[in-house]
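**Q** coordinates only, sequence not included:
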């Protein structure tokens with residue numbers, strides 16, 4: 001049986017205010033091409049189909065189109081809910097949709113009930129485990145501990161009980177969790193409970209293949225336990241990630257081969273750091289002129305119109321930060337009643353950026369200070385208004 005393992009589509013998500021839906025649609029096209037080209041028998045989507053519990057209309061439309069196209073393909077589909085999804089909304093009508101060969105599993109109570117498929121080597125039991133919130137399943141499952149390890153451990157106990165009744169059939173488990181040995185990125189939502197979010201890899205011992213979701217980078221924890229990662233980058237911390245899906249061959253008794261299939265890259269990511277003039281003139285940076293760019297400027301004096309100037313060379317600059325080489329403020333000047341407020345503000349600016357304000361800047365600072373000072377006439381009018389209100393009410 002040939003399996004295509006993907007996860008964390010996050011349909012509807014944006015990337016620093018850049019809409020990603022059109023790029024997500026390109027990934028769906030790519031996915032269908034892989035299914036036909038590689039003669040895939042089973043597509044598994046391990047959670048976080050949507051980016052939010054109440055997805056936008058266009059995201060729902062894309063998901064509906066993707067599932068309809070997969071249902072019409074040669075492959076069967078098993079899809080589970082992640083921590084970003086609403087299990088109830090994603091699972092609506094799942095019993096009816098099963099008939100189309102698309103199996104949506106979002107109910108924790110059904111974790112021990114597999115989808116049974118066949119190939120030339122016999123049966124394959126596919127268990128779709130939705131994201132298991134420890135607080136939600138602790139009472140109905142009678143868990144002794146409030147943790148992800150306890151919740152997933154109980155789910156896998158139910159899976160193994162069912163497998164034992166089937167005489168040790170080959171098995172595929174979809175799970176949405178943070179499994180030890182993998183590195184997170186900045187774009188995943190924290191799922192820790194009591195400060196602990198990880199579960200051990202050993203929880204999947206004895207399973208023919210565990211298709212994991214939640215982390216956005218691909219990881220091979222063991223030959224049979226893998227993360228596919230997200231198909232697109234959703235933070236600059238993923239700039240070095242290779243995005244795509246795992247193509248896994250399940251042989252007569254175990255995984256016989258696994259190959260990573262790269263997904264289309266809408267635009268590469270780049271993180272640049274340095275002084276503005278260097279970034280604008282360095283010929284070695286020409287390769288990033290079409291990238292989505294995160295810039296950290298190290299100029300001693302914060303440059304004027306930095307974003308506008310950067311975008312003339314790097315039109316897709318999305319994030320701009322400043323990291324001056326001048327030490328951050330230590331101690332502010334001591335308060336001296338004989339010194340003017342504007343002098344204190346000017347010293348603050350000088351220490352913050354390492355140079356004194358210009359005459360034009362000093363004039364603006366003076367206007368700002370004056371605007372914040374007490375105005376006796378305004379105070380008197382406010383006082384009279386308060387007295388008048390007391391008389392009326």
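**A** Sure, I can see it. This structure is a prediction, so every number in the text was calculated from the model and none was measured. Numbers count the residues shown, from 1 in each chain.

**Q** Low-confidence bits of the stretch 101-250 of the chain, can you list those?
**A** Applying pLDDT under 70 to the stretch 101-250 of the chain flags the ranges 188-196.

**Q** the helices in it, which residues?
**A** 134-141, 148-165 (DSSP state H, counting those that start in this stretch).

**Q** OK, contacts around the residue most central in space within the chain?
**A** Nearest residue to the geometric centre of the chain (C-alpha atoms, centre = their mean): residue 187, 3.2 Å. Residues near residue 187 by C-beta atoms under 8 Å, 6 or more residues apart in numbering: 216, 230, 234, 235, 237, 238. (Each C-beta comes from the backbone N, C-alpha and C, glycine too.)

**Q** From residue 160, how far off is the first one?
**A** So the one you mean is residue 216. 29 Å (C-beta to C-beta, to the nearest Å).

**Q** So if I had to pick from these two, which one is more boxed in?
**A** Using other C-beta atoms under 10 Å, the more surrounded residue of residue 216 and residue 160 is residue 216, with 27 against 16.

**Q** what's the spacing between that one and residue 81?
**A** Note on residue 216: its distance to residue 81, by C-beta to C-beta, is 17 Å.

**Q** now residue 87
**A** As defined by C-beta to C-beta, residue 87 lies at a distance of 4 Å from residue 81.

**Q** if I look at the two, which residues touch both of them?
**A** 106, 130, 131.

**Q** Buried ones among those residues?
**A** 106, 130, 131 (16 or more other C-beta atoms under 10 Å).

**Q** Counting neighbours, what do you get for the closest residue in space to the first one that isn't next to it in sequence?
**A** When the adjacent residues along the chain are set aside, residue 106 lies closest to residue 91, with 3.4 Å between them (C-beta to C-beta, 6 or more residues apart in numbering). By the other C-beta under 10 Å criterion, the neighbourhood of residue 91 contains 20 residues.

**Q** Equivalent analysis for the one 4 residues further on, please.
**A** Residue 95 is flanked by 9 other residues according to other C-beta under 10 Å.

**Q** In which helix or strand does it reside?
**A** Assessed by DSSP states H and E, residue 95 sits inside helix 94-97.

**Q** Now that helix: buried residues?
**A** Applying a neighbour-count criterion of 16+ other C-beta under 10 Å, one finds 94, 97 buried in helix 94-97.

**Q** which residues are contacting it?
**A** Residues from elsewhere that reach helix 94-97, judged by C-beta under 8 Å, 6+ apart: 67, 103, 104, 105, 106.

**Q** Nearest to residue 165 among those?
**A** residue 105 (19.1 Å; C-beta to C-beta).

**Q** The closest one against residue 132, yeah?
**A** No. If you go by C-beta atoms under 8 Å, residue 105 and residue 132 don't touch, sitting 11.9 Å apart.

**Q** Overlap in contacts, these two.
**A** Counting by C-beta under 8 Å, 6+ apart, nothing touches both residue 105 and residue 132.

**Q** I'd say residue 200 and residue 179 touch.
**A** Yes. The pair residue 200 / residue 179 is scored as a contact, 7.5 Å apart, by C-beta under 8 Å.

**Q** So between those two, which is more surrounded?
**A** A direct count of neighbours by other C-beta under 10 Å for residue 200 and residue 179 places residue 179 higher, at 25 against 13.

**Q** Write down the beta-bridge partners of the more buried one, one by one.
**A** residue 199 (DSSP bridges).

**Q** which residues sit in contact with it?
**A** Per C-beta under 8 Å, 6+ apart, neighbours of residue 179: 198, 199, 200, 201, 203, 204, 212, 221, 225, 227.

**Q** sorry, back to before: please identify which of residue 87 and residue 81 sits among more neighbours.
**A** Neighbours were counted for residue 87 and for residue 81 using other C-beta under 10 Å; residue 81 has more, 30 against 21.

**Q** and the more buried one, what are its phi and psi?
**A** phi -90, psi 150 (degrees, to the nearest 10).

**Q** what does residue 42 give?
**A** With angles defined as degrees, to the nearest 10, residue 42 sits at phi -140, psi 130.

**Q** what's the pLDDT at it?
**A** The confidence metric pLDDT takes the value 98 at residue 42.

**Q** Test my guess that it contacts residue 119.
**A** No. Here residue 42 does not reach residue 119: they are 9.3 Å apart, not a contact under C-beta under 8 Å.

**Q** Spit out the residues that contact the two alike.
**A** The contact sets of residue 42 and residue 119 overlap at residue 1 (C-beta under 8 Å, 6+ apart).
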